[in-house]
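> I would like to see how this sequence folds:
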Amino acid sequence: LWTLYKDYERRYAAWEQHKSTAPPVMIVVCNNTLVSNLVYRYIAGWDTKVSGQTILRNGNLPLFNNVNGDGWQAYPNTILVDSRQLESGEGLSDDFKRVAKGEIASFVEDYRRRYPERSAEDISEADLLREVMNTVGKAGKLGERVRCVVSVSMLTEGWDVNSVTHILGVRAFSTQLICEQVVGRGLRRMSYDINDAGRFSPEY
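Sure, this is the predicted structure:
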């Protein structure tokens, strides 16, 4: 995490110079909800009870931290999504909703601000997170400012975000093909401009 994050910091600093596109995005792919919850809390922060009082702890990676002083950021820098649950259509598990309650509440408020003519009560929490995930990196959408996605299982097959710059697999990849699939679903070309030779320039 720290190795990729340090490289992300350099990419983010370069992005801040022009900000013509969405911020760079880092993806962390985990094998189950237990691992993803631990990784998410480490990255983005967590709450804990001390003498009956809820105390917020800062995440360890500052650009991905969701804690702002004594409260949560108005808009999360890091989101936690469970691809299996979102694709199943069965809604989110109670354990997942408990961990992600802060980000879900933030996105409900953002949804109300962006779409005052619609009722946030008309969409489920799973629908809301699916919308956020599918609009990461898209200007004017719910997911436009997300910098880090902690995902359980594979990324959605049709997921197309060209602002992803870093992917970390915190899971066993039983075959080279599965590893390539995860990377391929996350990484897209950032520019489709043709160069002087009439081709796309290589991107690394």
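> so where's the chain uncertain?
Applying pLDDT under 70 to the chain flags the ranges 83-100, 102-103, 120, 154-158.
> distance check, the spatially most central residue of it against residue 55.
The structure's the chain has its C-alpha centroid closest to residue 149; by CA atoms, centre = their mean the separation is 2.2 Å. From residue 149 across to residue 55, the span is 26 Å (CB to CB, to the nearest Å). Glycine gets a C-beta too; all of them are placed from N, C-alpha and C.
> try residue 36
Taken as CB to CB, the span from residue 36 to residue 55 is 23 Å.
> hang on, residue 30 packs against residue 170?
Yes - between residue 30 and residue 170 there is a contact under CB atoms under 8 Å: 4.8 Å.
> okay, and the beta partners of the residue lying closest to residue 168 once chain neighbours are set aside?
Once flanking residues are discounted, residue 168 sits nearest to residue 28: 4.9 Å by CB to CB, 6 or more residues apart in numbering. Taking DSSP bridges as the rule, residue 28 bridges to residue 150, residue 168.
> number of nearby residues for residue 28?
24 (other CB atoms under 10 Å).
> hmm, it is touching residue 38, no?
No - Residue 28 is beyond contact range of residue 38, at 11.0 Å (criterion: CB under 8 Å).
> touching, residue 186 and residue 161? I think so.
Yes - contact criterion CB under 8 Å: residue 186 and residue 161 qualify, at 7.5 Å.
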